[in-house]
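>>> pasting the structure only:
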C-alpha cells in the first residue's frame, strides 16, 4: 500500500488538507512532504466528471471556487491545530506553515501562540512566522517576547524576527509600543531598537526615556549625547519643561554630563523656578556644583557682597551655597553678620546647601543672638541638618 502522502497527491482538495493535518498530528512526515501534498494539483486530468454531468474546474485555477474553498479549509485547519492540538510538533509545524500562508487570518493565531504557547519552540516559530508575514500587529508581541520570555531561544528568535522588519514600517509601531508598555524590560527592547538610529521621529521617545528606569535612562542618555548640538539642546529643553518630574530630573542629569556654559545656564533656570519638586531641585543643585567652572562665580560673589538690590543679593548668596567652595564659604560667613535680617536668613539657608561643618560655630553664634529671634527656627533646622549629616558620615567611615 502506498504511503498516505503519496496517495494524497492525486486526491481531491479536501482529502489533501485532511491528509496534511494527519501527517502533522501523527508526526510521520516532514514539513516538506506536507507542502508537496498541499501544493499538488487536485486532479490528474483537465477536468473530472461531477454529479449531473457538470465539470469541476482545476484547483490551480485562481478563480476556481473549489480552490478557494480548499485554501479556506487549509488555513482554518492550521489555525485550529496551532491553537488546540496537544502535540507541540503539530503546533510548531502549523506555525511554520501559517508563516508561509500570506493570509491575514494567520496573524491573530500566531500572536496568541507567541504570547501563550506552553512550548518554547512553538513560541519561537510564531515569532518567525509573524516576521515572514511582515505583520505589524505582531511587532509589540515580538518585542515583548525579546524582553520577558523565559527561554533564551525564544528571545533570540524574536530578535531575528524583529530584524526582518523594514525599519520604516516597524519604527512607528515600536514607538507606540514603548508608550503603552508597563514592563520596564519591554520598554528597554523598544528603546534599544529606536536609539540605534535616533532620528527626529524618535526624539519624543528619548525624552520619555530620560525619566525611565536606570537601564533605559542610560540608553536614552547615550543617544541624546550623540545628537548634534542644536538638536541635543532643543531636546533637553523639552525634557526640563516636561510635566513628569522624573523626565525633568533625568534631563538635568544629562545637562550635567554635557558640562557646558549653555547646559549650566539651563540647569540654573530649573533651579531658580518658583515651583519645582525637591527631587528635581536636588538634581539641579548637584549639577550646578559639578558645573561650577561653567558658572559666573565672580558675578555671584560681587552681587552677594555689594548689590544694591536685596533680592539680587539674596539670590547670589543662595547660589554660592549651592556651588560651594572656599570663597563661597567666606562670603556666607560675612553675609551672616549683615545688618539686615533678610540677608542673614538667606545666608543661613545657603549654609545648609554648602554642607560644610566649618560653618556650625557661625550658626551656633547666630542662634544665641536675640536679634535673630525671627530666624531662630531656621537656624536650628540648618544646624540639625548639618549635625545629622556629620553623624551619618562619621558612622559610615567608622571601622567595622
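Nice, I can see it. Note that this is a predicted model, so its numbers are computed, not measured. Numbers count the residues shown, from 1 in each chain.
>>> where are the low-confidence patches of this structure?
1-68, 390-400 (pLDDT under 70).
>>> All the strands of it, in order from the start?
48-49, 55-56 (DSSP state E).
>>> Run a quick check on residue 347 versus residue 340, I expect a contact.
No. With contact defined as Cβ atoms under 8 Å, residue 347 does not reach residue 340; the gap is 10.5 Å. (Glycine included, C-beta is placed from N, CA and C.)
>>> Comparing these two, which residue is more hemmed in?
Legend: neighbour count by other Cβ atoms under 10 Å for residue 347 and residue 340, higher for residue 347 (30 against 12).
>>> ok, the more buried one to residue 364 distance?
14 Å (Cβ to Cβ, to the nearest Å).
>>> ditto for residue 144
Taken as Cβ to Cβ, the span from residue 144 to residue 364 is 60 Å.
>>> In terms of neighbours, single out the busier of those two.
residue 144 (20 against 11).
>>> residue contacts, the residue lying closest to the more buried one once chain neighbours are set aside?
Among residues not flanking residue 144 along the chain, residue 186 sits closest, at 5.1 Å (Cβ to Cβ, 6 or more residues apart in numbering). For residue 186, the contact set (Cβ atoms under 8 Å, 6 or more residues apart in numbering) comprises 143, 144, 147, 148, 177, 178.
>>> same question, residue 121
88, 92, 153.
>>> with those in mind, which one is nearest to residue 377?
Taking Cβ to Cβ as the measure, residue 377 lies nearest residue 153 of these, at 64.3 Å.
>>> from what I can see residue 174 touches residue 190, true?
Yes. Counting by Cβ under 8 Å, residue 190 is a contact partner of residue 174 at 5.0 Å.
>>> Mind listing the shared neighbours of the two?
Joint contacts of residue 174 and residue 190 (Cβ under 8 Å, 6+ apart) are residue 143.
>>> Against residue 378, how distant is the nearest residue in space to residue 192 that is not next to it in sequence?
Residue nearest to residue 192 in three dimensions, not counting chain neighbours: residue 219, with 5.9 Å by Cβ to Cβ, 6+ apart. Distance check for residue 219 against residue 378: by Cβ to Cβ, it reads 43 Å.
>>> same question, residue 88
Taken as Cβ to Cβ, the span from residue 88 to residue 378 is 71 Å.
>>> again, but for residue 92
The value you get for residue 92 to residue 378, if Cβ to Cβ is used, is 72 Å.
>>> So which of the two has more stuff around it?
residue 92 (24 against 18).
>>> For residue 165, see how far away residue 264 is.
In terms of Cβ to Cβ, residue 264 sits 42 Å off from residue 165.
>>> If you could redo that for residue 139, that was the one I meant.
7 Å.
>>> Who has more neighbours out of these two?
Using other Cβ under 10 Å, the more surrounded residue of residue 139 and residue 165 is residue 139, with 25 against 21.
>>> what's the neighbour count on the closest residue to the more buried one other than its chain neighbours?
For residue 139, ignoring the flanking residues on the chain, the nearest one in space by Cβ to Cβ, 6+ apart is residue 173 at 4.5 Å. For residue 173, the count of nearby residues is 18 (other Cβ under 10 Å).
>>> Now do residue 173 against residue 158, distance only.
15 Å.
>>> Domains in this structure, by residue range?
Following automatic domain parsing, one gets these domains for the chain: 1-43+67-165, 166-227, 229-295, 297-397.
>>> Please determine how far the spatially most central residue of the chain is located from residue 219.
In the chain, the C-alpha nearest the mean C-alpha coordinate belongs to residue 187, at 3.1 Å (Cα atoms, centre = their mean). Separation of residue 187 from residue 219 (Cβ to Cβ) stands at 10 Å.
>>> can you tell me which residues contact residue 190?
Taking Cβ under 8 Å, 6+ apart as the test, what residue 190 contacts is 143, 174, 175, 177, 178, 181, 205.
>>> Spatially, and excluding backbone neighbours, which residue is closest to it.
residue 178 (3.8 Å).
>>> Can you give me the distance of residue 69 to residue 190?
Residue 69 is 41 Å from residue 190, by Cβ to Cβ.
>>> try residue 383
Where residue 190 is concerned, residue 383 sits at a distance of 49 Å (Cβ to Cβ).
>>> likewise residue 303?
47 Å.
>>> Would you mind measuring the gap between the ends of stretch 82-89?
Taking Cα to Cα, to the nearest Å, stretch 82-89 runs 10 Å from one end to the other.
>>> tell me which residues of that stretch are tucked away?
Residues of stretch 82-89 classed as buried: 82, 85 (neighbour count, 16 or more other Cβ atoms under 10 Å).
>>> what distance separates it from the centre of its chain?
Chain-centre distance of stretch 82-89: 34 Å, with Cα atoms, centre = their mean, to the nearest Å.
>>> Return the residues in contact with residue 340.
residue 310.
>>> likewise residue 334?
Contacts of residue 334 by Cβ under 8 Å, 6+ apart are residue 305.
>>> How much space separates it from residue 311?
18 Å.
>>> picking that back up, taking the contacts of residue 121 one by one, which sit in helices?
Among those, the subset assigned to helices under DSSP state H consists of 88, 92, 153.
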